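1. Okay, predicted coordinates and the sequence, questions at the end:
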Amino acid sequence: MNTPTQDQPAVADSPVRRVLRDFFRKPIALISVFVIAVFCLTALITGLCALGGIYFPYDPNATDLANKLRPPSMAHWLGTDNLGRDVLTRMLNGSYVSLTVGFVAMTVSLLIGVVVGAVSGYFGGWIDNVLMRIVDALLCFPSFFLILTAVALLGPNIWIIIVVIGLLSWTGTSRLVRAEFLTLRETEYVRAARALGQRTPKIIFRHILPNAFAPIFVTAVVGIPEAILIEAGLSFINLGVQPPQATWGNIITDGKSYLLDAWWLIVFPGMAIFLAALAFYLAGDALREAADTRSERK
Amino acid sequence: MKNLLEIHDLSINFETREGTVHAVKNVSLSMQPGASLAIVGESGSGKSVTALSLTRLLPVPPAKYVSGDVFFEGQSIRRMNPDKLREVRGGGIAYIFQEPSTSLNPVYSIRSQIGEAIRLHRPEVTDVDAEIVRWLDAVGIVDPAKRMHDYPHQLSGGMQQRAMIAMALSCQPKLLVADEPTTALDVTIQAQILAELKRLRSEFGMGLILITHNFAIIRGLCERVAVMYRGEIVEYGETASILRSPQHPYTKALIACIPKLGSRSRRLQTIGEALPA
């Protein structure tokens, strides 16, 4: 434990810094972050190039029926699909769609969940009751089917998909945030802030929220693969992002009829989804552990 | 000259599932500007509730103001509009709480928290960091320019309490309410903090209400004392005369509880009956 002496380190030791330090000490965290970084970087670069009309190594939509269903080779590292399109290019172009859906949908869901949970947890009373009954109502339905219905009715446009996923997956976050707020609003420092005349919104966002950050952040990290999986699921039943735009989910969809003949159409995108989701989950888990040890060691 | 604080016949109840608790019963007090008052009593006597009620800090669903009012500089606290009340909180009446380690937000540095207080109540201050250093220095923290970047967990209990006092004083309140400020600290630090409070009072001239269950610490620090028992004030007057000749049996018992150096009896005095907590 830090004992204050005259020779304190120059950089102050904030709780955030300590959690990060504990996090990066775990090998699993380092590996996961590395994998996530690789995926994100690839997606970013491919996405930016796509905006500029540059595709590599091939044009993702160029069909080449003479070369259809070729296994992985020197010319096509991950093989070709049933229309002769290069799988590697399509996977790269699918990565930014899948990851964008993941990040943005998670952000929408997080924002709604945090606000609802914070308001519910801090104010209690009838506000809490009303909000939590809405949450209960939403939880009656399996979220995937709600999303499916909404997308089927509104049309499978990428932004509609993102917003729908975001609007229907915030319930878990809100309960978590509410639980944190119920505890944290009784803390001494909140009482001290009120005694100092601080206004309620400031107390919620400046004082309580940063202290609730650990579970929120972990939920955020875990929310990304969930959104990616939902999108892949939607694509699998043709309600995801529509062709010709590639996503990991619809490469699998196209390939499902050729499962026995062309395993590469399923295995590569499947592995990509699997690895990305696994990396996020493991990182989230390591982060949760790092945050927990912090609070226990007091 | 207007009284700094006047409590008129204040009664506060707590509505609980087991029934109504009469936490404060017909309490009346008054304080001149710059005066010092101690409110002494056991846990459950209503002293903290009285103190918190001064700026309506009690959570109102369980708590209920049954009757009476608090007047700060002549203005009614119960009828005050929320904006004015927020100004009074901190700027007029500032608090120091019992547990300094939990009264400071763990994710912000001392500088950030004191800075927040200053910006809230004294927006005219341009060099906030200099103000922070000035107040940390005033409460006796060594090397304040460096220490202010520390987080609460990096400070010892005594230093945390000093930081809290600095935070309270930086708003330049007219009245400082210290709710058991030294109970969580060890005895030597206790003496230091009390000495600090005494010095700060004489330097800045603010009023002080010291809430404690320990009669021993008020001598020399508080001119008047109110003894509370079960929500009521049972004795109220000058500290010196009450310590010399307490009138109420409860006061006598409390004073008798103070262990005296050199006394020959082996058993310490206690008060038999436990109060409803």
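-> Done, it's in.
2. Spatially nearest residue to B:Arg86 (excluding sequence neighbours)?
-> In space, B:Arg86 comes closest to A:Gly197 once its chain neighbours are excluded; the distance is 4.0 Å by Cβ to Cβ, 6 or more residues apart in numbering or on different chains. Yep, even glycine has a C-beta here, placed from its N, CA and C like the rest.
3. Then A:Trp248?
-> A:Pro269 (4.2 Å).
4. Spell out which parts of chain B neighbour chain A.
-> B:55, B:57, B:61, B:85-91, B:94-95, B:97, B:99, B:102-109, B:116-117, B:120-121, B:143, B:146, B:149-151, B:153-156, B:159, B:164, B:167, B:171 (Cβ under 8 Å from any Cβ of the partner chain).
5. could you redo the last one with a cut-off of 7 Å?
-> Within chain B, the residues that sit near chain A (Cβ under 7 Å from any Cβ of the partner chain) are B:55, B:57, B:86-87, B:89-91, B:95, B:97, B:99, B:102-107, B:109, B:117, B:120-121, B:149-151, B:154-156.
6. For the stretch 101-250 of chain B, which segments count as helices?
-> B:110-121, B:128-138, B:144-147, B:157-169, B:187-204, B:239-244, B:249-256 (DSSP state H, counting those that start in this stretch).
7. Also chain A?
-> A:15-25, A:27-51, A:87-123, A:125-139, A:143-154, A:158-168, A:171-184, A:188-195, A:200-202, A:213-236, A:248-255, A:264-296 (DSSP state H).
8. Mean confidence (pLDDT) on the third one, please.
-> Read that as helix A:87-123. Mean per-residue pLDDT for helix A:87-123: 90.
9. counting contacts, what elements does it pack onto?
-> helix A:27-51, helix A:125-139, helix A:158-168, helix A:171-184, helix A:213-236, helix A:248-255, helix A:264-296 (3 or more Cβ pairs under 7 Å, 6 or more residues apart in numbering or on different chains; DSSP states H and E).
10. buried stuff in it?
-> If you call a residue buried by 16 or more other Cβ atoms under 10 Å in any protein chain shown, then helix A:87-123 has these buried ones: A:87-110, A:112-122.
11. Name the nearest residue to A:Gly249, ignoring sequence neighbours.
-> A:Gly249's closest residue in space is A:Ser235 (Cβ to Cβ, 6+ apart), at 2.7 Å.
12. Run through the residues that contact that neighbour.
-> A:Ser235 is in contact with A:Val241, A:Thr247, A:Gly249, A:Asn250, A:Thr253, counting by Cβ atoms under 7 Å, 6 or more residues apart in numbering or on different chains.
13. you'd agree A:Ala192 is up against B:Glu99?
-> No: with contacts counted by Cβ atoms under 7 Å, A:Ala192 stays clear of B:Glu99, the gap being 9.9 Å.
14. so what pLDDT did the residue in the stretch 51-200 of chain A that chain B sits nearest to get?
-> Residue of the stretch 51-200 of chain A nearest chain B, by Cβ to the nearest Cβ: A:Gly197 (3.4 Å). A:Gly197 carries a pLDDT value of 89.
15. Now do the residue in chain B positioned nearest to chain A, the pLDDT please.
-> Across chain B, no residue is closer to chain A than B:Arg89, which sits at 3.4 Å (Cβ to the nearest Cβ). Confidence at B:Arg89, expressed as pLDDT, is 92.
16. before we move on, which element is it in?
-> Using DSSP states H and E, the element containing B:Arg89 is helix B:82-91.
17. in that helix, what counts as buried?
-> Buried, per 16+ other Cβ under 10 Å, within helix B:82-91: B:Leu85, B:Arg86, B:Val88, B:Arg89, B:Gly90, B:Gly91.
18. Name the nearest of these relative to A:Gly172.
-> B:Arg86 (35.3 Å; Cβ to Cβ).
19. what sits against the residue of the stretch 51-200 of chain A closest to chain B?
-> Neighbours of A:Gly197 in contact, by Cβ under 7 Å, 6+ apart: B:Arg86, B:Glu87, B:Arg89, B:Gly90, B:Gly91, B:Leu120, B:His121.
20. picking up where we left off before, looking at A:Ala192 and B:Glu99, which has the bigger crowd around it?
-> It is A:Ala192, of A:Ala192 and B:Glu99, that has more neighbours when counted by other Cβ atoms under 10 Å in any protein chain shown, with 27 against 19.
21. tell me the centre residue of the chain?
-> As the question left the chain open, I've gone with chain A. Geometric centre of chain A, nearest residue: A:Ile224, 1.1 Å, by Cα atoms, centre = their mean.
22. wait, chain B
-> Short answer for chain B (Cα atoms, centre = their mean): B:Ala178, at 2.0 Å.
23. My guess is that one contacts B:Leu210. True?
-> Yes: using Cβ under 7 Å, B:Ala178 is in contact with B:Leu210, at 5.1 Å.
24. and the residue nearest to the centre of chain B, what does it touch?
-> B:Ile96, B:Leu197, B:Leu208, B:Leu210, B:Ile211 are the contacts of B:Ala178 under Cβ under 7 Å, 6+ apart.
25. so it bridges to which residues?
-> B:Ile96, B:Leu210 (DSSP bridges).
26. Look up how far A:Val130 lies from it.
-> Distance of B:Ala178 to A:Val130, given as Cβ to Cβ, to the nearest Å: 41 Å.
27. Repeat that for B:Ser45.
-> 39 Å.
28. neighbour count winner among these two?
-> B:Ser45 (25 against 11).
29. For B:Thr20, which non-adjacent residue is spatially closest?
-> In space, B:Thr20 is closest to B:Asn13, 5.2 Å off (Cβ to Cβ, 6+ apart).
30. Confirm that that neighbour sits in a strand.
-> Yes: B:Asn13 forms part of a strand when assessed by DSSP: H, G, I helix; E, B strand; the rest coil.
31. Any stretches of the chain with poor pLDDT?
-> If you meant another chain, say so; for now it's chain A. A:1-12, A:293-298 (pLDDT under 70).
32. my bad, chain B
-> B:1, B:263, B:265-266, B:272-277.
33. how is it carved up into domains?
-> When chain B is parsed with automatic domain parsing, its domains come out as B:1-92+B:175-258+B:267-277, B:99-172.
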